[in-house]
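*Asks:* Provide a 3D model corresponding to the input given below.
(4 chains)
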Number of protein chains: 2
Amino acid sequence: MALVKKVSLKDIAQKVGVSTALVSYVLNNKKEGRINKDVAQKIRDTAKELNYRTNLLARSLKTNKTYTIGLIVADIASPFSSGMARIIEDEAEKLNYTVIFGSSDENAQKFGKLVDTFLNRQVDGLIIAPPENSENQIFHLQQQGLPFVLFDRYFPAITANYVALDNYTASYNAVKYMIERGCKRPAIVTYNSNLFHMQERIRGYSAALKLNGINANKCWIKKVNIPNPKASIEKAVQELLSMDEPVDAILFGSNSIAIHGVKYINTLPLKVPDDVSIISFDETESLDLFYAPITYIKQPMREMGQLTTKILLDCMCKNNKACQVNMQAELIIRASTK
Amino acid sequence: MALVKKVSLKDIAQKVGVSTALVSYVLNNKKEGRINKDVAQKIRDTAKELNYRTNLLARSLKTNKTYTIGLIVADIASPFSSGMARIIEDEAEKLNYTVIFGSSDENAQKFGKLVDTFLNRQVDGLIIAPPENSENQIFHLQQQGLPFVLFDRYFPAITANYVALDNYTASYNAVKYMIERGCKRPAIVTYNSNLFHMQERIRGYSAALKLNGINANKCWIKKVNIPNPKASIEKAVQELLSMDEPVDAILFGSNSIAIHGVKYINTLPLKVPDDVSIISFDETESLDLFYAPITYIKQPMREMGQLTTKILLDCMCKNNKACQVNMQAELIIRASTK
DNA sequence: CTGAAAGCGCTTACAG
DNA sequence: CTGAAAGCGCTTACAG
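*Replies:* Numbering: from 1, shown residues only, chains lettered A, B, ... in the order given. Below you'll find the model as predicted:
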C-alpha cells in the first residue's frame, strides 16, 4: 500500500531528453504546430508510459487559479441543499470545475470558519446560502474581492450577486389563491428567523390578506423554532385550529414545516381541504401518500442552480456588476386546497 | 471587485524585519518557546493586521498533504448519498479535512473521470461507492497506493477496505420474518444489477425461502431497470400480483423501488398487509403517510459513515491491512407486515 | 534564538 | 523549434 512514487514533468523531460518547459507545452497543447511532431509524440508516449498525472496543486500555485468552487449550504443532507449541490456540480463540471462543500448548520460562526477554510484553499469563487446574522461576514468577504453568489437567501443591505425566489409574490399568490377559493381565516406557519426571505414570505402573506379584504389577526402568524421544530410546529398548528374561530387555511413556510404540520393534522378529526386548506413551500415527496396531495409553491430549482453557477463563473472572468435575480415561483395546485 | 492583493509570508517578514522561516515557525506554532516572545507577538500582530491567510496550496505542495478527501457517490442529490456525505463531512471536519465530491451516476466512465480529477488534485484519500463494472478501475487505483475505502458496495474479488451492510443476512431475516408471519409466496423486486450487494440481497431472499420450507418460484424474483425505474417497477408489481397464485409478500430492494411500488399498490383494490405484506430496504420518509407504515431494513448509516471515514483517516497514517466490515441491519417492524 | 537556502511541481516570458 | 531561468508561497533541515 506504499504510495507509488509520483512522476513529474522532470521525469518525463529527463527520459525524453528535453526541457520541462517543452514537456509542459506539449502536454498542455500550447504552441501547437510549433513543436517538432516526433518529439511531441515521444513526450506524450512517455507521459502515458510513466502514468503521469499533472499535479494540479503546483499548476494552481503558479497560475493562481484552482478551478475550484466552494459551496456552503445549510445542511448537505437536506433535499434542497443536496439538490442544488447536484445542479451546481453538473454546471461546474462542464467547465472543469470541482466543488468543495460545507454545511453551516445555520450557524454564523461555523459559516465563517468554512469561508476561511475555502479562502485558504484558494477557491476561485463561492456559492453561498448565508445563515442568519452573517451580514458582516458577507460584507467582509466582499472586501476581499473574491467572486461569490448568494442563493436562496440574501441581505437587502448588501449589494452582492444573488439568485433567490421572489418570496413576497410567491407567498402573496398562494394566500390570494386560498382566499379566492373561499378561505376566510388563513394562517402562516414559518420559521422564527430574521432572514430576509422568511420575512418576505410573511410580508406576502400579510399583503394578500390586506388587499383581499381580510382583517388580519396577529395570532394567525406563527413562528416556529429552527432547532427541534417538530413540537413547536405541532403546538402552532394545534393553537391555530383550536381558536374560537379556527383558521381555515394554512401556508407552511417550508417543506419540512409542512411535513410535521400535515402529519399532525392527519391525526386530528379534520378533513383537508374541507376543514382546512393547505399550501406548502417546496415540493414534499414525503407527503405523496397523503389523501389530499398538497398544493405547493414550486421553486425553479434547476434554473436557480444553473443561473447561480453561471453568474459565478461569469464574474470570475469579467468584472460585471452585481446580478440580482428574484425568480418567480409557480403554484402547483393539487387537492389540499378547495 | 478587483482581487485585493494577497499577502504572503514574505510581506510579513519584510514588515517585521525577519526571515520568512521565522514567520512560518511562529504562525504554525513550531519551535514554541524557542523564539523571542516579542518578535513572535509582533509577527502575529502583523499577520492579523495585514489580514494574512496561509496559502494552503503552497503548503500542500511542500508537505505533500492536502487535507482533502474525495467522495464519490452515485448521486449527491439522493438521500442516501447526501446523508452519508453529511456524516463524512462531520467526521472529516474534526480533523480539519475538507471534502470534495462528485456524482458517478452509476456510470463507470464518469466514475473514472472523477477518480482522475481527484488524484490530480492530490487528495489524501478517497471514499467511494463504486458503480457497476468499475472493478478494473478500483484495481488500478489500488496499484497507485492511494488510501481509499469503499462503502455501500464492494467487489469480493478485490481485497480493499470497505464498509458495507451484511445484505445477505438483512435480506434473509426480512424474508424469514414474513414467512414466519404466515406468508407463503414472498417475492423480491430489486435492481437489475451485477453489483455484489444487490446479488446478496437476492441470495438472502432465496436462502430464506429454502431454509424455511418454501418452494421457490423463479417468477417471484423481479429485476427492474436502473434508469427510469417507475414503469419497470409498476410492471413487476403488477405481474407479481396478477399471477394465478399471486404473491402475498414483497421485499423491495431499495427505498426508491419501494416508493414506486407502494404508490402503485395504493392504487389497487388490495389491502396491506392483509393481501400483501411489504418490507423495504432503507427508511422511506416518502411513505410516512401510507395507511400501513412500511416495515423496513434499517442500515446503521451514521455508524457506517463514521467508520468509513475513520478507516480512511487511519490508513492514511498507518499502513494497516484491509479493513472489511459488514455491518448488521436492523429490521424495523411496523404495520406493512402481518 | 534566527536566517540563508533548497525545493515541492508546475508555467511562462524571454532569449536564441 | 527549444531551453535556461525565474517564480508561485510555502516548509524545513541545516548552520551558526
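*Asks:* correct me, but A:Q238 touches A:Y264?
*Replies:* Yes: contact criterion Cβ atoms under 8 Å: A:Q238 and A:Y264 qualify, at 7.4 Å. Just so you know, the C-beta spots here come from the backbone N, C-alpha and C atoms, and that holds for glycine as well.
*Asks:* Near chain B, which residues of the stretch 151-300 of chain A are found?
*Replies:* A:I259, A:V262, A:K263, A:N266, A:E285, A:S286, A:L287, A:D288, A:L289, A:F290 (Cβ under 8 Å from any Cβ of the partner chain).
*Asks:* Just those residues: which are in strands?
*Replies:* Judged by DSSP state E, the subset of those located in strands is empty.
*Asks:* biggest separation within those, which pair?
*Replies:* Across those, the longest distance by Cβ to Cβ is 16.0 Å; it joins A:N266 and A:E285.
*Asks:* Which one's more surrounded, A:Q238 and A:Y264?
*Replies:* A:Y264 (17 against 12; other Cβ atoms under 10 Å in any protein chain shown).
*Asks:* Now do that one, the pLDDT please.
*Replies:* Reading off the confidence values, A:Y264 has pLDDT 96.
*Asks:* anything in contact with each of A:Q238 and A:Y264?
*Replies:* Between them, A:Q238 and A:Y264 share no contacting residue under Cβ atoms under 8 Å, 6 or more residues apart in numbering or on different chains.
*Asks:* Please work out the average pLDDT along stretch A:10-27.
*Replies:* Here the average pLDDT along stretch A:10-27 is 91.
*Asks:* Show me what counts as buried in that stretch.
*Replies:* Across stretch A:10-27, burial judged by 16 or more other Cβ atoms under 10 Å in any protein chain shown covers A:D11, A:I12, A:A13, A:K15, A:V16, A:V18, A:L22, A:V23, A:S24, A:Y25, A:V26, A:L27.
*Asks:* And DNA strand C, is it touching that?
*Replies:* Yes: on the criterion Cβ under 7 Å from any atom of the strand, stretch A:10-27 is in touch with DNA strand C at A:K10, A:T20, A:A21, A:S24, A:Y25, A:L27.
*Asks:* would you list every one of the helices in chain A?
*Replies:* With DSSP state H, the ranges of helices along chain A come out as A:9-16, A:20-27, A:37-49, A:56-63, A:79-94, A:108-120, A:135-144, A:167-180, A:196-211, A:229-241, A:255-265, A:301-317.
*Asks:* quick one, what contacts the residue lying closest to A:P273 once chain neighbours are set aside?
*Replies:* Using Cβ to Cβ, 6 or more residues apart in numbering or on different chains and skipping residues adjacent in sequence, the residue nearest A:P273 is A:K338, 4.8 Å away. A:K338 sits next to A:M178, A:R181, A:G182, A:C183, A:P273, A:D274, A:S277 when contact means Cβ under 8 Å, 6+ apart.
*Asks:* Could you check how far the third one is from DNA strand D?
*Replies:* A:G182 sits at a distance of 65 Å from DNA strand D (criterion: Cβ to the nearest atom of the strand, to the nearest Å).
*Asks:* How confident was the prediction at the spatially closest residue to that residue that is not a sequence neighbour?
*Replies:* Leaving out its chain neighbours, the residue that sits closest to A:G182 by Cβ to Cβ, 6+ apart is A:K338, at 5.7 Å. Looking at A:K338, its pLDDT stands at 90.
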